[in-house]
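Structure here, sequence nowhere to be found:
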């Protein structure tokens with residue numbers, strides 16, 4: 001039960017307490033200054049709202065929550081910070097307001113100041129305000145250098161907060177030896193698909209999970225099927241670039257790689273980015289498959305369909321793009337519901353870089 005509120009004085013934009021200084025400090029509030037506890041108005045606002053302190057000015061007049069909040073709400077991102085700060089505090093988490101950064105410091109459950117180090121830095125974001133992917137990547141790297149974990153705290157219009165742990169992700173490379181064993185085949189462009197009618201088409205699926213045998217609901221791994229093989233354009237592009245597949249029209253004209261890319265761009269948005277990211281995963285030995293039913297660009301398998309559940313959902317993009325945090329959260333929620341990690345793979349010049357998002361329960 002909370003007793004009588006402690007009185008604090010507003011001086012030069014800060015609130016100072018002379019009572020319960022050590023107790024509140026160990027709970028993560030404020031900074032010690034000349035024997036008093038100095039509170040930022042954001043911290044003071046939360047304590048006033050909880051009835052733990054009352055604030056007066058130099059004349060002894062009480063300062064209410066509205067006027068306290070007025071002291072910080074014009075600072076960029078400060079109200080989001082307050083929403084996340086108060087949400088974590090209401091969850092009984094030890095969180096410290098950092099005055100000189102965009103972060104909040106989150107400590108282990110049950111910790112007190114001086115007993116344990118902070119494990120995470122929390123970055124508040126508005127769900128609909130786009131942020132550059134580069135900002136997220138740079139922040140992940142910055143936080144990792146401090147030996148902390150990064151948590152994105154996304155605030156919606158109802159001031160609900162969703163938390164996601166965000167990390168650099170560098171997938172392990174694995175041997176890619178199936179290319180040498182593939183026969184050189186010819187496929188026919190049919191709408192936005194390529195169908196391989198050759199009797200050797202089944203080897204493509206058996207050797208690398210390429211395409212899908214027509215009429216087979218759940219192909220068995222490594223099985224050589226006699227049915228024609230349907231290839232999505234993105235897979236046909238990859239195999240054509242590796243000189244393992246030629247694509248022809250119904251009148252027998254062989255399409256160039258540039259023509260295939262042009263056709264792909266006409267039927268799929270952001271085709272160049274998608275192809276680059278697909279090639280990145282395939283070159284590393286993974287098996288990316290269409291992820292549209294999960295609201296992502298790719299399902300990514302480490303071994304292949306039928307051998308495992310895909311561990312990753314992948315969203316393709318560019319480092320220079322901006323993304324709405326709510327779109328990441330939507331993909332992240334789907335990934336969590338199907339027990340996968342969300343990987344955001346971004347084209348950066350000649351390279352692809354990735355970060356991973358996993359749901360975080362404070």
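Done, it's in. Bear in mind that the values here come from a model prediction, so they are computed numbers and not experimental data.

Now do the residue located most distally from the centre of the chain against residue 277, distance only.
Going by C-alpha atoms, centre = their mean, the residue of the chain most distant from its centre is residue 59, 49.5 Å out. Distance of residue 59 to residue 277, computed by C-beta to C-beta, to the nearest Å: 63 Å. Where you see a C-beta, it was placed from the backbone N, CA and C, and this is true even at glycine.

ok, now residue 249?
Distance from residue 249 to residue 277, by C-beta to C-beta: 28 Å.

Residue 201 now?
26 Å.

for residue 196, same thing?
Taken as C-beta to C-beta, the span from residue 196 to residue 277 is 24 Å.

could you pull out the strands for the stretch 51-200 of the chain?
Taking DSSP state E, counting those that start in this stretch as the criterion, the stretch 51-200 of the chain carries its strands at 53-56, 62-63, 95-97, 104-106, 120-126, 131-132, 149-155, 161-168, 185-190, 193-196.

Please produce JSON lines containing the ones you listed, extended by distance to residue 72, mean neighbour count and mean pLDDT.
Output for the strands of the stretch 51-200 of the chain, formatted as JSON lines (distance: least, C-beta to C-beta, whole Å; neighbours: other C-beta atoms under 10 Å; pLDDT from 0 to 100):
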{"stretch": "strand 53-56", "distance to residue 72": "13", "mean neighbour count": "20", "mean pLDDT": "96"}
{"stretch": "strand 62-63", "distance to residue 72": "13", "mean neighbour count": "16", "mean pLDDT": "95"}
{"stretch": "strand 95-97", "distance to residue 72": "10", "mean neighbour count": "20", "mean pLDDT": "96"}
{"stretch": "strand 104-106", "distance to residue 72": "14", "mean neighbour count": "22", "mean pLDDT": "97"}
{"stretch": "strand 120-126", "distance to residue 72": "13", "mean neighbour count": "23", "mean pLDDT": "97"}
{"stretch": "strand 131-132", "distance to residue 72": "22", "mean neighbour count": "15", "mean pLDDT": "96"}
{"stretch": "strand 149-155", "distance to residue 72": "16", "mean neighbour count": "23", "mean pLDDT": "97"}
{"stretch": "strand 161-168", "distance to residue 72": "18", "mean neighbour count": "19", "mean pLDDT": "96"}
{"stretch": "strand 185-190", "distance to residue 72": "61", "mean neighbour count": "18", "mean pLDDT": "96"}
{"stretch": "strand 193-196", "distance to residue 72": "57", "mean neighbour count": "22", "mean pLDDT": "96"}
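
I appreciate the help and will end here.
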